[in-house]
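**Student:** starting from these lines, generate the structure:
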Amino acid sequence: MGTTPTLDEIRTRSEELGIEFFFAQFVDMYARPSAKLIPAWNLDDFVENGAGFAGFAAGEIGQTPADPDIAAMPDLASFTPVPWQPNLARFACDITVEGEPWPYDPRTILKNMLAKAGAKGYEFKIGLELEYFLIRQRDDGSIEIADPLDTLEKPCYDLRGLTRNYDFLTTVSKYVNGLGWGNYANDHEDANGQFEQNFTYEDALTSCDRAIFFRYMVHTIAQQRGMLATFMPKPFSDLTGNGCHFHMSLWKDGTNVFLDEADPRGLGLSESAYHFIGGLVKHARAYSAVTAPTVNSYKRLKVGTTISGATWAPAWISYGYNNRTQMLRVPGPGRVEDRTID
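**Tutor:** As a prediction, the model looks like this:
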(Lines give C-alpha, C1' and ligand atoms only; values in the text may rest on other atoms or scores of the structure.)
Protein backbone atom coordinates (compact mmCIF):
# COMPACT_ATOMS: atom_id res chain seq x y z
CA MET A 1 0.00 0.00 0.00
CA GLY A 2 1.16 3.52 -0.70
CA THR A 3 1.62 6.29 1.82
CA THR A 4 -1.65 7.69 3.14
CA PRO A 5 -1.98 11.38 2.17
CA THR A 6 -2.55 13.99 4.85
CA LEU A 7 -5.72 16.04 5.09
CA ASP A 8 -3.83 19.09 3.81
CA GLU A 9 -2.62 17.10 0.81
CA ILE A 10 -6.16 15.94 0.08
CA ARG A 11 -7.43 19.50 0.38
CA THR A 12 -4.74 20.82 -1.97
CA ARG A 13 -5.32 18.03 -4.50
CA SER A 14 -9.07 18.58 -4.39
CA GLU A 15 -8.67 22.31 -5.01
CA GLU A 16 -6.35 21.59 -7.95
CA LEU A 17 -8.94 19.25 -9.47
CA GLY A 18 -11.89 21.54 -8.75
CA ILE A 19 -13.56 18.99 -6.44
CA GLU A 20 -16.78 20.40 -4.96
CA PHE A 21 -18.29 17.23 -3.49
CA PHE A 22 -17.19 13.93 -2.00
CA PHE A 23 -18.95 10.58 -1.82
CA ALA A 24 -18.74 9.02 1.64
CA GLN A 25 -19.11 5.43 0.41
CA PHE A 26 -19.21 2.09 2.19
CA VAL A 27 -20.61 -1.36 1.43
CA ASP A 28 -22.87 -3.83 3.22
CA MET A 29 -22.23 -7.57 3.56
CA TYR A 30 -23.41 -8.09 -0.03
CA ALA A 31 -20.91 -5.47 -1.27
CA ARG A 32 -23.78 -3.12 -2.15
CA PRO A 33 -22.44 0.45 -2.05
CA SER A 34 -24.19 3.20 -0.09
CA ALA A 35 -23.09 6.83 0.12
CA LYS A 36 -23.78 10.37 1.18
CA LEU A 37 -22.78 13.42 -0.82
CA ILE A 38 -20.54 15.71 1.24
CA PRO A 39 -19.81 19.34 0.13
CA ALA A 40 -16.09 20.08 -0.07
CA TRP A 41 -16.38 22.96 2.40
CA ASN A 42 -17.28 20.38 5.06
CA LEU A 43 -14.19 18.20 4.45
CA ASP A 44 -12.60 18.83 7.86
CA ASP A 45 -15.72 17.80 9.79
CA PHE A 46 -16.23 14.80 7.50
CA VAL A 47 -12.70 13.55 8.17
CA GLU A 48 -12.99 14.11 11.92
CA ASN A 49 -16.53 12.87 12.56
CA GLY A 50 -17.51 10.92 9.47
CA ALA A 51 -20.87 10.85 7.73
CA GLY A 52 -23.85 9.54 9.72
CA PHE A 53 -26.23 6.84 8.50
CA ALA A 54 -29.10 4.81 9.90
CA GLY A 55 -27.31 1.51 9.58
CA PHE A 56 -30.32 -0.78 9.26
CA ALA A 57 -31.59 1.29 6.32
CA ALA A 58 -28.27 0.94 4.51
CA GLY A 59 -28.43 -2.83 4.12
CA GLU A 60 -27.11 -5.96 5.77
CA ILE A 61 -24.46 -4.64 8.14
CA GLY A 62 -25.46 -6.17 11.46
CA GLN A 63 -27.87 -3.48 12.67
CA THR A 64 -31.52 -3.20 13.62
CA PRO A 65 -33.67 -0.05 13.71
CA ALA A 66 -32.97 0.15 17.46
CA ASP A 67 -29.19 0.47 17.02
CA PRO A 68 -27.24 3.76 17.18
CA ASP A 69 -26.28 5.46 13.93
CA ILE A 70 -23.20 4.33 12.07
CA ALA A 71 -20.49 6.78 11.00
CA ALA A 72 -18.66 6.35 7.70
CA MET A 73 -15.07 7.43 8.34
CA PRO A 74 -13.12 8.22 5.16
CA ASP A 75 -9.87 6.45 4.37
CA LEU A 76 -7.82 9.25 2.84
CA ALA A 77 -5.71 6.74 0.90
CA SER A 78 -8.84 5.77 -1.07
CA PHE A 79 -9.37 9.26 -2.56
CA THR A 80 -10.68 8.65 -6.09
CA PRO A 81 -11.66 11.41 -8.53
CA VAL A 82 -14.78 10.45 -10.49
CA PRO A 83 -13.61 10.64 -14.15
CA TRP A 84 -16.97 11.47 -15.74
CA GLN A 85 -17.90 14.04 -13.08
CA PRO A 86 -14.83 16.28 -12.70
CA ASN A 87 -16.04 18.10 -9.55
CA LEU A 88 -16.67 14.86 -7.60
CA ALA A 89 -14.42 12.42 -5.73
CA ARG A 90 -15.01 9.26 -3.72
CA PHE A 91 -13.69 8.07 -0.37
CA ALA A 92 -14.06 4.44 0.67
CA CYS A 93 -15.09 4.53 4.33
CA ASP A 94 -14.78 2.39 7.42
CA ILE A 95 -17.83 2.07 9.65
CA THR A 96 -17.74 3.01 13.32
CA VAL A 97 -20.49 3.09 15.95
CA GLU A 98 -20.09 5.48 18.87
CA GLY A 99 -16.43 5.87 18.02
CA GLU A 100 -15.59 2.16 17.82
CA PRO A 101 -14.93 0.07 14.70
CA TRP A 102 -18.07 -1.81 13.69
CA PRO A 103 -17.27 -5.55 13.57
CA TYR A 104 -19.80 -6.28 10.81
CA ASP A 105 -18.34 -3.76 8.37
CA PRO A 106 -16.82 -5.78 5.47
CA ARG A 107 -13.98 -3.30 4.97
CA THR A 108 -13.11 -3.41 8.67
CA ILE A 109 -13.20 -7.22 8.64
CA LEU A 110 -10.77 -7.22 5.69
CA LYS A 111 -8.47 -4.67 7.33
CA ASN A 112 -8.39 -6.71 10.54
CA MET A 113 -7.36 -9.85 8.65
CA LEU A 114 -4.71 -7.98 6.66
CA ALA A 115 -3.37 -6.54 9.92
CA LYS A 116 -2.96 -10.07 11.28
CA ALA A 117 -1.00 -11.02 8.17
CA GLY A 118 0.98 -7.80 8.39
CA ALA A 119 1.96 -8.55 11.99
CA LYS A 120 3.72 -11.64 10.63
CA GLY A 121 5.38 -9.63 7.86
CA TYR A 122 3.03 -10.71 5.07
CA GLU A 123 1.10 -8.72 2.45
CA PHE A 124 -1.84 -10.33 0.67
CA LYS A 125 -2.32 -9.25 -2.94
CA ILE A 126 -5.18 -9.96 -5.30
CA GLY A 127 -6.14 -9.25 -8.87
CA LEU A 128 -9.84 -9.30 -9.72
CA GLU A 129 -11.70 -10.32 -12.87
CA LEU A 130 -15.15 -8.74 -12.78
CA GLU A 131 -17.47 -10.09 -15.47
CA TYR A 132 -20.67 -8.26 -16.39
CA PHE A 133 -23.53 -8.16 -18.90
CA LEU A 134 -24.77 -5.13 -20.81
CA ILE A 135 -28.56 -5.40 -20.92
CA ARG A 136 -31.76 -3.47 -21.51
CA GLN A 137 -35.00 -3.63 -19.57
CA ARG A 138 -38.14 -4.40 -21.55
CA ASP A 139 -41.43 -2.65 -20.88
CA ASP A 140 -42.66 -5.67 -18.91
CA GLY A 141 -39.66 -5.49 -16.56
CA SER A 142 -37.78 -8.46 -18.01
CA ILE A 143 -34.27 -8.07 -19.38
CA GLU A 144 -32.56 -8.76 -22.68
CA ILE A 145 -29.04 -8.43 -24.09
CA ALA A 146 -28.45 -4.80 -25.04
CA ASP A 147 -26.80 -5.63 -28.38
CA PRO A 148 -29.42 -7.27 -30.62
CA LEU A 149 -26.70 -8.44 -33.02
CA ASP A 150 -24.84 -10.39 -30.31
CA THR A 151 -26.32 -13.78 -31.18
CA LEU A 152 -23.38 -16.12 -31.84
CA GLU A 153 -23.43 -19.52 -30.12
CA LYS A 154 -19.77 -18.95 -29.21
CA PRO A 155 -19.38 -15.18 -28.85
CA CYS A 156 -16.25 -15.25 -26.65
CA TYR A 157 -13.57 -12.85 -27.96
CA ASP A 158 -15.87 -11.90 -30.84
CA LEU A 159 -14.17 -9.12 -32.82
CA ARG A 160 -17.44 -7.67 -34.13
CA GLY A 161 -18.98 -7.70 -30.65
CA LEU A 162 -16.01 -5.73 -29.37
CA THR A 163 -16.33 -3.32 -32.28
CA ARG A 164 -20.03 -2.65 -31.71
CA ASN A 165 -19.26 -1.88 -28.04
CA TYR A 166 -16.02 -0.02 -28.74
CA ASP A 167 -17.21 3.33 -27.38
CA PHE A 168 -18.39 1.83 -24.10
CA LEU A 169 -15.38 -0.40 -23.51
CA THR A 170 -12.78 2.19 -24.42
CA THR A 171 -14.45 4.83 -22.27
CA VAL A 172 -14.22 2.53 -19.27
CA SER A 173 -10.64 1.63 -20.16
CA LYS A 174 -9.56 5.27 -20.43
CA TYR A 175 -11.18 6.13 -17.12
CA VAL A 176 -9.52 3.18 -15.37
CA ASN A 177 -6.12 4.04 -16.81
CA GLY A 178 -6.62 7.71 -15.99
CA LEU A 179 -6.94 6.62 -12.36
CA GLY A 180 -3.65 4.76 -12.64
CA TRP A 181 -5.09 1.27 -12.21
CA GLY A 182 -3.45 -0.29 -15.26
CA ASN A 183 -6.24 -1.67 -17.44
CA TYR A 184 -4.35 -4.08 -19.69
CA ALA A 185 -7.07 -6.05 -21.51
CA ASN A 186 -10.76 -5.83 -22.45
CA ASP A 187 -12.68 -8.73 -23.96
CA HIS A 188 -16.03 -10.14 -24.95
CA GLU A 189 -16.67 -13.03 -22.60
CA ASP A 190 -18.31 -16.42 -23.17
CA ALA A 191 -21.94 -15.28 -23.04
CA ASN A 192 -23.80 -12.97 -25.38
CA GLY A 193 -23.57 -9.42 -24.08
CA GLN A 194 -20.90 -10.34 -21.50
CA PHE A 195 -17.60 -8.50 -21.02
CA GLU A 196 -14.53 -8.39 -18.81
CA GLN A 197 -12.02 -5.56 -18.31
CA ASN A 198 -8.88 -6.35 -16.33
CA PHE A 199 -6.62 -4.11 -14.26
CA THR A 200 -3.39 -4.89 -12.43
CA TYR A 201 -3.25 -6.57 -9.04
CA GLU A 202 -2.57 -4.69 -5.82
CA ASP A 203 -2.77 -5.18 -2.08
CA ALA A 204 -6.12 -6.71 -1.16
CA LEU A 205 -7.68 -3.58 0.35
CA THR A 206 -6.78 -1.39 -2.62
CA SER A 207 -8.03 -4.01 -5.09
CA CYS A 208 -11.36 -4.37 -3.29
CA ASP A 209 -11.86 -0.60 -3.08
CA ARG A 210 -11.16 -0.42 -6.81
CA ALA A 211 -13.56 -3.28 -7.55
CA ILE A 212 -16.42 -1.46 -5.82
CA PHE A 213 -15.68 1.73 -7.72
CA PHE A 214 -15.25 -0.18 -11.01
CA ARG A 215 -18.72 -1.71 -10.69
CA TYR A 216 -20.17 1.72 -9.93
CA MET A 217 -18.35 3.08 -12.99
CA VAL A 218 -19.67 0.38 -15.32
CA HIS A 219 -23.23 0.77 -14.01
CA THR A 220 -23.13 4.55 -14.46
CA ILE A 221 -21.60 4.60 -17.95
CA ALA A 222 -24.09 1.96 -19.11
CA GLN A 223 -27.01 4.04 -17.82
CA GLN A 224 -25.62 7.12 -19.56
CA ARG A 225 -25.93 5.16 -22.81
CA GLY A 226 -29.45 3.91 -22.21
CA MET A 227 -28.39 0.47 -21.01
CA LEU A 228 -28.05 -1.38 -17.74
CA ALA A 229 -25.08 -3.39 -16.51
CA THR A 230 -25.37 -6.38 -14.22
CA PHE A 231 -22.69 -8.29 -12.33
CA MET A 232 -25.37 -10.73 -11.13
CA PRO A 233 -23.95 -14.29 -11.06
CA LYS A 234 -26.59 -15.85 -13.30
CA PRO A 235 -28.98 -13.38 -14.95
CA PHE A 236 -29.77 -15.77 -17.84
CA SER A 237 -30.30 -19.48 -17.25
CA ASP A 238 -29.05 -20.48 -20.71
CA LEU A 239 -25.90 -18.31 -20.73
CA THR A 240 -22.59 -18.47 -18.90
CA GLY A 241 -22.73 -16.61 -15.58
CA ASN A 242 -20.66 -13.78 -14.12
CA GLY A 243 -17.76 -14.52 -11.81
CA CYS A 244 -15.41 -12.28 -9.87
CA HIS A 245 -12.32 -14.46 -9.95
CA PHE A 246 -9.66 -13.68 -7.35
CA HIS A 247 -6.00 -14.17 -8.34
CA MET A 248 -4.19 -14.38 -5.00
CA SER A 249 -0.58 -14.25 -3.86
CA LEU A 250 1.23 -13.68 -0.56
CA TRP A 251 4.26 -11.42 -0.28
CA LYS A 252 6.99 -10.82 2.29
CA ASP A 253 9.80 -8.25 2.01
CA GLY A 254 8.93 -7.71 -1.65
CA THR A 255 9.10 -11.42 -2.51
CA ASN A 256 6.21 -13.58 -3.65
CA VAL A 257 6.00 -16.30 -0.96
CA PHE A 258 3.78 -18.46 -3.20
CA LEU A 259 6.40 -18.70 -5.96
CA ASP A 260 8.75 -21.67 -6.31
CA GLU A 261 10.13 -22.25 -9.79
CA ALA A 262 11.59 -25.57 -8.58
CA ASP A 263 8.20 -26.94 -7.47
CA PRO A 264 8.47 -30.73 -7.95
CA ARG A 265 4.74 -30.86 -8.77
CA GLY A 266 5.38 -28.57 -11.73
CA LEU A 267 2.90 -25.81 -10.78
CA GLY A 268 5.47 -23.22 -9.73
CA LEU A 269 4.08 -23.07 -6.19
CA SER A 270 5.80 -23.11 -2.82
CA GLU A 271 4.84 -25.29 0.13
CA SER A 272 3.21 -22.20 1.66
CA ALA A 273 1.01 -21.89 -1.43
CA TYR A 274 0.00 -25.55 -1.17
CA HIS A 275 -0.88 -25.03 2.49
CA PHE A 276 -2.97 -22.05 1.43
CA ILE A 277 -4.76 -24.20 -1.15
CA GLY A 278 -5.28 -26.88 1.49
CA GLY A 279 -6.98 -24.39 3.79
CA LEU A 280 -9.28 -23.21 1.01
CA VAL A 281 -10.18 -26.78 0.09
CA LYS A 282 -10.85 -27.71 3.73
CA HIS A 283 -13.11 -24.71 4.35
CA ALA A 284 -14.63 -24.35 0.86
CA ARG A 285 -18.19 -25.15 1.86
CA ALA A 286 -18.12 -22.66 4.71
CA TYR A 287 -16.43 -19.76 3.00
CA SER A 288 -18.61 -20.06 -0.12
CA ALA A 289 -21.39 -18.64 2.06
CA VAL A 290 -19.41 -15.40 1.89
CA THR A 291 -17.90 -15.57 -1.60
CA ALA A 292 -21.09 -16.80 -3.29
CA PRO A 293 -23.78 -15.62 -0.86
CA THR A 294 -27.05 -15.65 -2.80
CA VAL A 295 -29.45 -18.19 -4.26
CA ASN A 296 -28.52 -16.87 -7.69
CA SER A 297 -24.86 -17.64 -6.93
CA TYR A 298 -25.64 -21.34 -6.86
CA LYS A 299 -27.38 -21.19 -10.20
CA ARG A 300 -23.88 -20.46 -11.56
CA LEU A 301 -21.96 -23.02 -9.46
CA LYS A 302 -23.45 -26.23 -10.83
CA VAL A 303 -22.91 -28.92 -13.43
CA GLY A 304 -24.58 -28.16 -16.76
CA THR A 305 -24.20 -26.55 -20.14
CA THR A 306 -25.01 -23.24 -21.77
CA ILE A 307 -25.54 -22.12 -25.34
CA SER A 308 -21.75 -21.92 -25.75
CA GLY A 309 -21.35 -25.51 -24.52
CA ALA A 310 -19.79 -24.86 -21.10
CA THR A 311 -20.59 -23.02 -17.86
CA TRP A 312 -16.92 -22.18 -17.10
CA ALA A 313 -17.90 -22.35 -13.42
CA PRO A 314 -16.62 -24.85 -10.85
CA ALA A 315 -18.94 -27.42 -9.30
CA TRP A 316 -16.47 -29.50 -7.28
CA ILE A 317 -13.95 -28.75 -4.51
CA SER A 318 -10.70 -29.20 -6.42
CA TYR A 319 -7.54 -27.55 -7.67
CA GLY A 320 -5.43 -27.95 -10.78
CA TYR A 321 -3.01 -26.35 -13.21
CA ASN A 322 -4.53 -23.87 -15.67
CA ASN A 323 -7.82 -25.76 -15.77
CA ARG A 324 -10.90 -23.54 -15.77
CA THR A 325 -13.18 -26.33 -14.53
CA GLN A 326 -11.38 -26.32 -11.15
CA MET A 327 -12.52 -24.41 -8.08
CA LEU A 328 -8.90 -23.33 -7.56
CA ARG A 329 -6.92 -22.83 -10.76
CA VAL A 330 -3.18 -22.27 -10.92
CA PRO A 331 -2.87 -20.16 -14.08
CA GLY A 332 0.86 -19.65 -13.63
CA PRO A 333 3.66 -19.84 -11.08
CA GLY A 334 3.18 -18.00 -7.79
CA ARG A 335 -0.57 -17.40 -7.73
CA VAL A 336 -3.88 -19.15 -7.13
CA GLU A 337 -7.20 -18.24 -8.72
CA ASP A 338 -10.47 -18.85 -6.85
CA ARG A 339 -13.27 -19.24 -9.40
CA THR A 340 -16.16 -19.63 -6.94
CA ILE A 341 -16.39 -15.93 -6.15
CA ASP A 342 -19.06 -13.66 -7.60
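**Student:** and the lengthiest helix in the chain, what does it pack onto?
**Tutor:** Criterion DSSP state H: the longest helix present in the chain is helix 204-224. Applying 3 or more C-beta pairs under 8 Å, 6 or more residues apart in numbering; DSSP states H and E, we find helix 204-224 packed against strand 33-39, strand 88-97, helix 106-119, strand 123-137, helix 166-178, strand 194-199, strand 228-230. (C-beta placed from N, C-alpha, C; glycine too.)
**Student:** domains in this protein, by residue range?
**Tutor:** According to automatic domain parsing, the chain comprises the domains 7-104, 123-338.
**Student:** how far off centre is the first one?
**Tutor:** This points to domain 7-104. A distance of 18 Å separates the centroid of the chain from that of domain 7-104, by C-alpha atoms, centre = their mean, to the nearest Å.
**Student:** check the longest one too.
**Tutor:** The chain centroid and the centroid of domain 123-338 are separated by 9 Å under C-alpha atoms, centre = their mean.
**Student:** how far does it stretch from start to finish?
**Tutor:** Domain 123-338 has an end-to-end distance of 18 Å (C-alpha to C-alpha, to the nearest Å).
**Student:** let me see the mean pLDDT of that domain.
**Tutor:** For domain 123-338, the mean pLDDT works out to 96.
**Student:** what distance do you get for the closest residue to His219 other than its chain neighbours to Ala119?
**Tutor:** Setting aside the residues directly before and after it, His219 is nearest to Ala229 in space (C-beta to C-beta, 6 or more residues apart in numbering), at 5.1 Å. Separation of Ala229 from Ala119 (C-beta to C-beta, to the nearest Å): 39 Å.
**Student:** again, but for Phe168
**Tutor:** With the distance defined as C-beta to C-beta, Phe168 ends up 43 Å from Ala119.
**Student:** does Tyr321 touch Val330 like I think?
**Tutor:** Yes: at 5.0 Å, Tyr321 counts as touching Val330 under the criterion of C-beta atoms under 8 Å.
**Student:** need the overlap of contacts for those two.
**Tutor:** Counting by C-beta atoms under 8 Å, 6 or more residues apart in numbering, the contacts common to Tyr321 and Val330 are Leu267.
**Student:** the two: which has the busier surroundings?
**Tutor:** Val330 (24 against 14; other C-beta atoms under 10 Å).
**Student:** now do the same contact list for that one.
**Tutor:** 267-269, 319-322, 336-337.
**Student:** now do Ile221
**Tutor:** Ile221 makes contact with 84, 168, 171-172, 175, 229, according to C-beta under 8 Å, 6+ apart.
**Student:** I'd like these as JSON lines, with neighbour count and distance to Tyr132 appended.
**Tutor:** Listed next are these as JSON lines, based on neighbours: other C-beta atoms under 10 Å; distance: C-beta to C-beta, whole Å:
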{"residue": "Trp84", "neighbour count": "11", "distance to Tyr132": "17"}
{"residue": "Phe168", "neighbour count": "21", "distance to Tyr132": "11"}
{"residue": "Thr171", "neighbour count": "16", "distance to Tyr132": "14"}
{"residue": "Val172", "neighbour count": "22", "distance to Tyr132": "10"}
{"residue": "Tyr175", "neighbour count": "20", "distance to Tyr132": "15"}
{"residue": "Ala229", "neighbour count": "23", "distance to Tyr132": "5"}
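**Student:** export these to a markdown table and tack on distance to Gly59?
**Tutor:** Conversion of those to a markdown table gives the following (distance: C-beta to C-beta, whole Å):
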| residue | distance to Gly59 |
| --- | --- |
| Trp84 | 25 |
| Phe168 | 28 |
| Thr171 | 29 |
| Val172 | 26 |
| Tyr175 | 26 |
| Ala229 | 20 |
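**Student:** closest to Ala191 out of these?
**Tutor:** Proximity to Ala191 was ranked across those by C-beta to C-beta; first place goes to Ala229, at 13.5 Å.
**Student:** any idea how far Cys93 is from the residue nearest the centre of the chain?
**Tutor:** Ranked by distance to the mean C-alpha position of the chain (C-alpha atoms, centre = their mean), the top residue is Ala211 at 3.0 Å. Separation of Ala211 from Cys93 (C-beta to C-beta): 16 Å.
**Student:** how about stretch 121-136: buried residues?
**Tutor:** 123-136 (16 or more other C-beta atoms under 10 Å).
**Student:** those residues: which two are farthest apart?
**Tutor:** When the buried residues of stretch 121-136 are compared pair by pair using C-beta to C-beta, the two farthest from each other are Glu123 and Arg136, 42.2 Å apart.
**Student:** returning to what we had before: could you export the helices and strands packed on helix 204-224 as a markdown table, including distance to Phe21?
**Tutor:** Below are these laid out as a markdown table (distance: least, C-beta to C-beta, whole Å):
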| stretch | distance to Phe21 |
| --- | --- |
| strand 33-39 | 5 |
| strand 88-97 | 5 |
| helix 106-119 | 21 |
| strand 123-137 | 26 |
| helix 166-178 | 18 |
| strand 194-199 | 25 |
| strand 228-230 | 24 |
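**Student:** out of these, nearest to Gly55?
**Tutor:** Checking these against Gly55 by C-beta to C-beta gives strand 88-97 as the closest, at 7.5 Å.
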